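Visitor: Below are the sequence and a predicted model for it; my questions follow.
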Amino acid sequence: MISLVRKHILKIDPYEAGKPIEEVKRQLGLKEVIKLASNENPLGPSPKAVAAMKRSLSELNRYPDSSGFYLKRKLAKFLSLTPANIVLGNGSDELIDIIIKTFVEEDEHILTADHTFLEYKIIGSVKGRTVNCVPLKYFKYDLVALKKKIDRKTKLIFIANPNNPTGTYVTKYELEDFLKGLPHGVIVVLDEAYDAFIDVDDFPNSLSLIRNQNVIVLKTFSKAYGLAGVRLGYAVTRPEFAAYMEISRQPFNVNLLAQAAGMAALEDRAFLQKTRRTILEGKNYLYDNLKKLGLAYVPSVANFILIDVGKDGFEVFREMLKFGVIVRHMRQYGLKNYIRVTVGTKRENERFVKVLKKVL
């Protein structure tokens with residue numbers, strides 16, 4: 001049987017998602033479980049998005065609009081761009097797949113960091129592309145080292161900004177320096193899944209770059225808008241790039257409910273503000289308590305924190321499961337002594353701290 005599988009597949013360590021709540025309840029016989037593992041919105045989905053999906057249920061016998069006309073138009077207005085700048089995806093994961101399929105030849109290379117979103121390497125490797133990685137510096141992208149690593153075969157560079165799992169970010173000045181003098185044949189993908197949580201002044205205005213640079217920006221409804229379950233993301237780039245990505249995109253890749261939810265979520269500014277406030281207050285609470293526990297952590301501009309637990313993070317993850325708290329171990333990321341915790345509600349954060357004290 002193995003002889004029938006492409007050799008690239010045999011070498012890949014598949015993506016390990018955060019454990020679902022129901023699975024932990026079933027396996028451990030627990031009645032109450034909280035999940036702080038997958039950087040989801042602790043407040044749930046946007047209420048306006050939920051209402052829009054309910055209104056669309058009677059249309060489920062119909063295929064969705066393959067072009068996503070109305071959602072693109074609304075996004076274009078929201079971003080002060082045109083629909084021709086936007087490509088819709090079944091979450092950012094699919095958009096990463098589309099980008100690689102569209103632009104990277106089999107003998108061309110992908111470049112990224114070693115401790116970053118795993119799907120850049122996994123999807124690239126599944127497609128038989130070479131993925132080269134550069135170490136982080138102080139837990140953030142080292143753009144100087146990344147630039148030195150570019151060679152004649154480099155075609156695509158993925159930069160998660162903010163970075164997952166570290167929560168660090170690349171400043172607008174660092175990015176401007178990085179983009180200066182890049183080879184004409186190199187495309188830079190800025191993955192901004194967590195940009196809605198930014199509370200710093202020197203974060204790049206990435207959308208201003210797409211007109212004159214080979215830049216693609218990825219955004220998602222999964223995090224701040226609480227729509228991870230419907231899978232909706234979008235890429236923003238110049239129209240020429242978007243048109244070629246549309247060729248690689250599968251028809252009907254964004255379902256009818258996701259399109260309805262996305263359009264409504266963009267109007268839900270009150271929910272977005274409440275989410276930001278919850279995350280910022282929750283982070284400060286967790287920082288204070290981690291300091292009291294004497295634990296080192298990486299200051300984050302996202303909705304999660306990377307914590308050095310001073311011992312095997314996988315063991316801490318397993319012990320916390322027994323108390324009904326799901327966090328993310330960092331074994332697959334090569335960060336053995338770390339866990340990553342999503343900022344939750346006040347009650348969830350308090351429970352996390354209480355269980356972490358017990359386990360440690």
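Guide: That came in fine, so what should we check first?
Visitor: who's in contact with the helix or strand hosting L286?
Guide: If you go by DSSP states H and E, L286 is part of helix 269-292. By C-beta atoms under 8 Å, 6 or more residues apart in numbering, the surrounding residues in contact with helix 269-292 are 41-43, 46-48, 196-197, 199, 224-226, 265, 297, 299-300, 303, 305, 307, 341, 343-346, 349, 352-353. In this view, the C-beta of every residue, glycine as well, is placed from N, C-alpha and C.
Visitor: In contact with D142: list those residues for me.
Guide: Each residue near D142 by C-beta under 8 Å, 6+ apart is listed here: 113, 134-136.
Visitor: And the helices in this structure, which stretches?
Guide: Secondary structure of the chain by DSSP state H: the helices cover 7-10, 21-28, 47-56, 69-79, 91-103, 119-126, 143-148, 172-179, 239-248, 256-265, 269-292, 313-322, 346-359.
Visitor: Export those helices as JSON lines, with columns for mean pLDDT and mean neighbour count.
Guide: Shown next, in JSON lines, are those (pLDDT from 0 to 100; neighbours: other C-beta atoms under 10 Å):
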{"stretch": "helix 7-10", "mean pLDDT": "80", "mean neighbour count": "10"}
{"stretch": "helix 21-28", "mean pLDDT": "90", "mean neighbour count": "13"}
{"stretch": "helix 47-56", "mean pLDDT": "98", "mean neighbour count": "17"}
{"stretch": "helix 69-79", "mean pLDDT": "98", "mean neighbour count": "17"}
{"stretch": "helix 91-103", "mean pLDDT": "97", "mean neighbour count": "22"}
{"stretch": "helix 119-126", "mean pLDDT": "94", "mean neighbour count": "21"}
{"stretch": "helix 143-148", "mean pLDDT": "97", "mean neighbour count": "16"}
{"stretch": "helix 172-179", "mean pLDDT": "97", "mean neighbour count": "16"}
{"stretch": "helix 239-248", "mean pLDDT": "97", "mean neighbour count": "16"}
{"stretch": "helix 256-265", "mean pLDDT": "98", "mean neighbour count": "24"}
{"stretch": "helix 269-292", "mean pLDDT": "98", "mean neighbour count": "16"}
{"stretch": "helix 313-322", "mean pLDDT": "97", "mean neighbour count": "18"}
{"stretch": "helix 346-359", "mean pLDDT": "98", "mean neighbour count": "17"}
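Visitor: Next, the angle from the helix holding L286 to helix 346-359.
Guide: Taking axes from the mean of the first three to the mean of the last three C-alpha atoms, to 10 degrees, one finds that helix 269-292 is oriented at 20 degrees with respect to helix 346-359.
Visitor: So among the contacts of helix 269-292, which ones count as buried?
Guide: Neighbour-count burial (16 or more other C-beta atoms under 10 Å) applied to the contacts of helix 269-292 gives 41-43, 46, 48, 196-197, 224-226, 265, 297, 300, 303, 305, 307, 341, 343-344, 349, 352-353.
Visitor: Give me the subset of the residues you listed that lies in strands.
Guide: If you go by DSSP state E, the buried ones among the contacts of helix 269-292 have 297, 305, 307, 341 in strands.
Visitor: got the contact list for the nearest residue to the third one once chain neighbours are set aside?
Guide: Think I307. For I307, ignoring the flanking residues on the chain, the nearest one in space by C-beta to C-beta, 6 or more residues apart in numbering is Y297 at 4.7 Å. Applying C-beta under 8 Å, 6+ apart to Y297 gives the contacts 287, 290, 305-308.
Visitor: Quick check: Y297 vs N289, distance?
Guide: Per C-beta to C-beta, to the nearest Å, Y297 is found 10 Å from N289.
Visitor: likewise A52?
Guide: 38 Å.
Visitor: just to revisit the earlier point, highest neighbour count among the contacts of D142?
Guide: Compared across those, A113 has the highest neighbour count, 25 neighbours, by other C-beta atoms under 10 Å.
Visitor: any idea how far N303 is from it?
Guide: 20 Å.
Visitor: now swap in I34 and tell me
Guide: 15 Å.
Visitor: Now for N163: which residues touch it?
Guide: Contacts of N163 (C-beta under 8 Å, 6+ apart): 113, 115-117, 136, 139-141, 169.
Visitor: Grab the nearest non-local neighbour of T112.
Guide: Excluding its sequence neighbours, the residue lying closest to T112 (C-beta to C-beta, 6+ apart) is F158, at 4.2 Å.
Visitor: which residues does that neighbour bridge with?
Guide: When bridges are called by DSSP bridges, F158 pairs up with V189.
Visitor: isn't it right up against L111?
Guide: Yes. F158 lies in contact with L111 (C-beta atoms under 8 Å); the separation is 7.5 Å.
Visitor: Quick check: can you list the domain ranges of the protein?
Guide: 2-45+269-359, 49-265 (automatic domain parsing).
Visitor: before we move on, back to that, tell me how far the residue nearest to I307 lies from H329.
Guide: Between Y297 and H329 the distance is 15 Å, computed by C-beta to C-beta.
Visitor: Would you point out which residue is most central in the protein?
Guide: The chain has A193 as the residue nearest its centroid, 4.5 Å off, counting by C-alpha atoms, centre = their mean.
Visitor: Who are the contact partners of that one?
Guide: A193 neighbours (C-beta under 8 Å, 6+ apart): 92, 160, 164, 218-220, 222-223, 233.
Visitor: With distance to F203 and pLDDT added, can I get the contacts of N163 in JSON lines?
Guide: What follows is the contacts of N163, written out as JSON lines (distance: C-beta to C-beta, whole Å; pLDDT from 0 to 100):
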{"residue": "A113", "distance to F203": "18", "pLDDT": "98"}
{"residue": "H115", "distance to F203": "20", "pLDDT": "96"}
{"residue": "T116", "distance to F203": "17", "pLDDT": "97"}
{"residue": "F117", "distance to F203": "18", "pLDDT": "96"}
{"residue": "L136", "distance to F203": "18", "pLDDT": "97"}
{"residue": "F139", "distance to F203": "17", "pLDDT": "97"}
{"residue": "K140", "distance to F203": "13", "pLDDT": "97"}
{"residue": "Y141", "distance to F203": "13", "pLDDT": "98"}
{"residue": "Y169", "distance to F203": "6", "pLDDT": "98"}
